[in-house]
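Participant: Quick one, fold the following:
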Amino acid sequence: MLKVLVVDDEKLGRQMVMRCIDWEEIGFQIVGEASSARMGREMIEQLHPDLVVMDVRMPGMDGLACSRLILEKYPQIKILILSGHNEFEYASEGIRIGVFDYLLKPVNAQELRKAAIKAKEAILEERDYRKEFERYKEELEKHSGYIKDRQL
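Facilitator: Now for the predicted structure:
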């Protein structure tokens with residue numbers, strides 16, 4: 001199961017995200033919820049989620065600033081941004097930062113499910129790619145002496 005962290009300053013918003021779809025059915029487990037971006041960043045250190053579903057507008061640090069900090073340290077984490085604002089600036093900033101998807105509130109359950117499944121596929125694909133890369137790297141190191149001898 002992949003792990004999900006929900007970050008929204010509004011309790012109702014967090015509950016809606018956690019309950020509007022069957023996360024376990026699509027291979028996710030909600031491991032935590034945070035009421036601020038700062039709290040969310042701290043929880044990431046402890047919980048190591050694969051997916052973060054985050055509101056864009058929160059007091060203190062907003063979701064985009066938090067996403068930037070998260071992705072600098074944990075580029076493998078996928079972030080779904082939720083926003084009540086249909087403003088191009090927010091969406092373009094999110095894309096520039098590297099968030100995985102940007103959904104408008106109120107979130108449609110089907111859209112959230114679709115975005116989560118898409119994120120899951122990307123996470124698993126990247127994991128497979130890293131495993132394959134490590135396997136090739138080990139093979140290369142294992143045979144490096146032979147390759148050097150053949151070259152000379």
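
Participant: so Arg135, which of the three states?
Facilitator: Classification of Arg135 by DSSP: H, G, I helix; E, B strand; the rest coil places it in helix.

Participant: per-residue confidence at it?
Facilitator: pLDDT for Arg135: 85.

Participant: For the residue nearest to Asp9 when sequence neighbours are not counted, give me its contacts.
Facilitator: Ranked by CB to CB, 6 or more residues apart in numbering and with sequence neighbours excluded, the top spatial neighbour of Asp9 is Met58, at 4.2 Å. In this view, the C-beta of every residue, glycine as well, is placed from N, C-alpha and C. Contacts for Met58 (CB atoms under 8 Å, 6 or more residues apart in numbering) come out as 7-9, 36-37.

Participant: looking at this, Met58 is in a helix?
Facilitator: No. According to three-state DSSP, Met58 belongs to no helix; its state is coil.

Participant: separation between it and Lys137?
Facilitator: Computed as CB to CB, to the nearest Å, the Met58 to Lys137 distance reads 41 Å.

Participant: Leu12 too?
Facilitator: In terms of CB to CB, Leu12 sits 48 Å off from Lys137.

Participant: do Glu89 as well
Facilitator: Applying CB to CB to Glu89 and Lys137 gives a distance of 41 Å.
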